[in-house]
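Student: Show me the folded form of this:
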Amino acid sequence: MPITESDRWSARVSGNIRAELARRRWTYDDLAAASDMAVHTIRRRMNDKTHSFTIDELQAISEALAIPLLRLLWED
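Tutor: Numbering: from 1, shown residues only. The predicted structure follows:
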């Protein structure tokens, strides 16, 4: 199956979230607690190409990380 633009987008967002977590030395459990999301939801979104983050989930993550939402969406 060919890689789609949606696949690239999801990979970029997940990579940006991973980078932010690494900067803070946070785990998925830390992010789940700070964003009021279930850790299994975060794991699924981060690792499964068929389940992308919703905009509401990304907003909750950006607030938990205290960064602008656009920072998760675009590469530096």
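Student: going forward, measure contacts between C-alpha atoms and count neighbours the same way
Tutor: Noted.
Student: and residue 58, how many neighbours?
Tutor: Residue 58 sits with 19 neighbouring residues when counted by other C-alpha atoms under 10 Å.
Student: in the chain, which spans are helices?
Tutor: Using DSSP state H, the helices assigned to the chain run over residues 5-24, 28-35, 39-47, 55-65, 69-73.
Student: which secondary structure elements does the longest one contact?
Tutor: Going back to what we said before, that points to helix 5-24. Contacting helix 5-24 under the criterion 3 or more C-alpha pairs under 8 Å, 6 or more residues apart in numbering; DSSP states H and E are the following elements: helix 69-73.
Student: Go ahead and name everything in contact with the helix it packs on.
Tutor: With C-alpha atoms under 8 Å, 6 or more residues apart in numbering as the contact definition, helix 69-73 has outside contacts at 12-13, 16-17, 58-59, 62-63.
Student: how about 10 Å then?
Tutor: Applying C-alpha atoms under 10 Å, 6 or more residues apart in numbering, the contact partners of helix 69-73 are 9-10, 12-20, 55, 58-63.
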